[in-house]
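> model the structure of this input:
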Amino acid sequence: MRMVKKLVIALAASSAVLTPVAASAAAGARAGSAVAGESELEGNSSWIIGLIGLLAGITAIVLVADGDEDAPVSP
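Residues are numbered from 1 along each chain as shown. Predicted structure coming up:
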């Protein structure tokens with residue numbers, strides 16, 4: 001039983017090591033395909049990232065500066 005357990009562990013470890021190696025080797029063998037037309041949906045979306053950052057900053061300031069003036073009450 002111990003030999004089978006060691007064999008299963010060795011097989012699992014080797015598959016965990018060899019799977020990314022096989023996947024990277026297969027990705028290099030792929031050929032690119034020709035594109036008929038370009039997408040017209042490209043654009044400058046940096047303002048969206050800035051807006052999300054601004055909203056996150058304002059939310060953080062509101063949460064930190066919340067007037068937590070509740071005094072602890074002990075019975």
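
> for residue 15, see how far away residue 53 is.
42 Å (Cβ to Cβ, to the nearest Å). In this view, the C-beta of every residue, glycine as well, is placed from N, C-alpha and C.

> then residue 55?
Taking Cβ to Cβ, one finds residue 55 at 44 Å from residue 15.

> flag the shaky bits of this structure, pLDDT-wise.
Applying pLDDT under 70 to the chain flags the ranges 1, 22-43, 66-71.

> what segments of it are helices?
2-28, 46-64 (DSSP state H).

> any chance of those helices in a markdown table, plus mean neighbour count?
Below are these laid out as a markdown table (neighbours: other Cβ atoms under 10 Å):
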| stretch | mean neighbour count |
| --- | --- |
| helix 2-28 | 9 |
| helix 46-64 | 10 |
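
> turn those into a markdown table, columns for distance to residue 74.
Converted to a markdown table, the helices of the chain look like this (distance: least, Cβ to Cβ, whole Å):
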| stretch | distance to residue 74 |
| --- | --- |
| helix 2-28 | 55 |
| helix 46-64 | 27 |
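
> of all those helices, which one comes closest to residue 73?
Ranking the helices of the chain by proximity to residue 73 (Cβ to Cβ) places helix 46-64 first, at 23.4 Å.

> now tell me what touches that closest one from outside.
By Cβ atoms under 8 Å, 6 or more residues apart in numbering, the list of residues contacting helix 46-64 from outside is empty.

> then it to CSV, C-alphas only?
Taking C-alpha atoms only, helix 46-64 is exported to CSV below (Å, rounded to 0.1, in the frame of the first residue of the first chain):
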residue,chain,number,x,y,z
SER,A,46,-7.9,55.9,-19.7
TRP,A,47,-10.6,58.3,-18.5
ILE,A,48,-12.7,55.4,-17.3
ILE,A,49,-9.7,54.1,-15.2
GLY,A,50,-9.2,57.6,-13.8
LEU,A,51,-12.8,57.9,-12.9
ILE,A,52,-12.8,54.5,-11.1
GLY,A,53,-9.7,55.6,-9.2
LEU,A,54,-11.2,58.9,-8.3
LEU,A,55,-14.4,57.2,-7.0
ALA,A,56,-12.3,54.7,-5.0
GLY,A,57,-10.3,57.6,-3.5
ILE,A,58,-13.5,59.5,-2.5
THR,A,59,-15.0,56.4,-1.1
ALA,A,60,-11.9,55.7,1.0
ILE,A,61,-11.8,59.2,2.3
VAL,A,62,-15.5,59.1,3.3
LEU,A,63,-15.0,55.8,5.1
VAL,A,64,-11.9,56.9,6.9
